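Engineer: Structure for the following, please:
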Amino acid sequence: MKVGFIGIGVMGHSIAGHLLDAGHEVHVYNRTKAKADAIVARGAIWQDTPWDVTAASEVVFSMVGYPKDVEEIYYGENGVFHGDVTGKILVDMTTSTPTLAEKIAKTAAEKGAEAMDAPVSGGDLGAKNATLTIMCGGEPAVFDKLLPLFQVMGKTYTLHGPAGKGQHTKMANQIMIAGTMTGMTEMLVYAKAAGLDMPKVIQTLAGGSASNWSMENYGPRILKEDYSAGFFVKHFIKDLKIALDEAQKMSLDLPATNLACQLYERLAAAGHDNDGTQALIKLWWEQ
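Structural biologist: Got it, this is the predicted structure:
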């Protein structure tokens with residue numbers, strides 16, 4: 001297929017690479033062109049605007065930073081909706097708002113296209129290893145058309161309902177991750193203060209009911225003082241704020257998620273917004 005990918009970041013680069021490896025013709029655009037140089041060298045075709053990617057593709061994926069970026073690449077000058085999109089499938093993999101996902105789907109339908117929100121979980125390792133969890137919102141027929149592509153980039157892909165439901169599912173995911181990240185961090189702080197063998201503690205807990213993805217993947221990175229971003233602190237704050245905003249619309253109080261958001265905002269204010277989410281430990285270990 002002719003596949004477009006808008007947003008060649010930490011995860012987008014790997015996902016586009018898997019599509020290339022599967023034999024698809026991949027057209028790419030990124031706001032900073034240099035970040036796409038490596039994927040272009042592997043055979044992807046550079047396009048100068050999101051619209052150029054769309055015009056050259058049957059299916060267009062997007063994965064950018066913030067809802068405002070999604071709005072820009074779809075509705076801005078030379079955006080995805082700049083020209084005729086009849087018959088195309090538009091898939092936004094950004095963690096964005098359910099409201100924007102619904103808006104994109106409505107616009108796509110009005111223009112003769114199909115759309116799906118498909119945010120993912122699994123971070124940089126999931127993207128690199130093609131083991132992402134993909135949470136979809138849209139029509140069943142569109143999901144079926146996209147399934148061969150999802151199988152190239154992930155190991156779990158589920159349709160959760162109409163447009164916006166993929167984003168709601170991602171919010172549920174981020175609420176869960178907020179708890180595991182704060183739990184993992186406080187566990188390490190406690191274990192270190194108690195003079196325990198840290199790798200041995202992680203190994204032991206991973207074999208019991210305390211086992212979780214955050215600890216098993218980010219715990220070892222913390223012990224190596226590797227705070228590189230598989231998922232940026234600034235993007236996690238964005239996600240948690242979306243989750244809390246959606247919760248408020250449903251008259252829900254989520255105190256643990258709210259506290260996690262406050263902790264990450266403290267971390268960002270200390271200058272660590274471009275670190276990975278595992279840098280939360282710095283609130284304790286750098287003091």
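Engineer: all strands in the stretch 101-250 of the chain, in order from the N-terminus.
Structural biologist: Along the stretch 101-250 of the chain, counting by DSSP state E, counting those that start in this stretch, strands occupy 114-117, 120-121, 132-136, 154-159.
Engineer: Include mean neighbour count and distance to residue 37 when you put these into TSV, please.
Structural biologist: To be clear about C-beta, it is placed using only N, CA and C from the backbone, and glycine gets the same treatment. Listed next are the strands of the stretch 101-250 of the chain as TSV, based on neighbours: other C-beta atoms under 10 Å; distance: least, C-beta to C-beta, whole Å:
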stretch	mean neighbour count	distance to residue 37
strand 114-117	28	29
strand 120-121	23	24
strand 132-136	25	24
strand 154-159	17	25
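Engineer: In JSON lines, list the ones you listed along with mean pLDDT and distance to residue 272.
Structural biologist: Compiled in JSON lines, the strands of the stretch 101-250 of the chain are given as follows (pLDDT from 0 to 100; distance: least, C-beta to C-beta, whole Å):
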{"stretch": "strand 114-117", "mean pLDDT": "98", "distance to residue 272": "29"}
{"stretch": "strand 120-121", "mean pLDDT": "96", "distance to residue 272": "22"}
{"stretch": "strand 132-136", "mean pLDDT": "98", "distance to residue 272": "25"}
{"stretch": "strand 154-159", "mean pLDDT": "97", "distance to residue 272": "29"}
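Engineer: quick one: which of those strands is nearest residue 237?
Structural biologist: Smallest distance to residue 237 across those (C-beta to C-beta): 16.7 Å, for strand 120-121.
Engineer: can you list the strands of the stretch 101-250 of the chain in TSV and add distance to residue 146?
Structural biologist: Converted to TSV, the strands of the stretch 101-250 of the chain look like this (distance: least, C-beta to C-beta, whole Å):
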stretch	distance to residue 146
strand 114-117	7
strand 120-121	13
strand 132-136	8
strand 154-159	8
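Engineer: right, and these - which one's nearest residue 271?
Structural biologist: strand 120-121 (26.8 Å).
Engineer: Kindly spell out which helices and strands sit in contact with that closest one.
Structural biologist: Where contact means 3 or more C-beta pairs under 8 Å, 6 or more residues apart in numbering; DSSP states H and E, strand 120-121 is packed against strand 132-136, helix 165-193.
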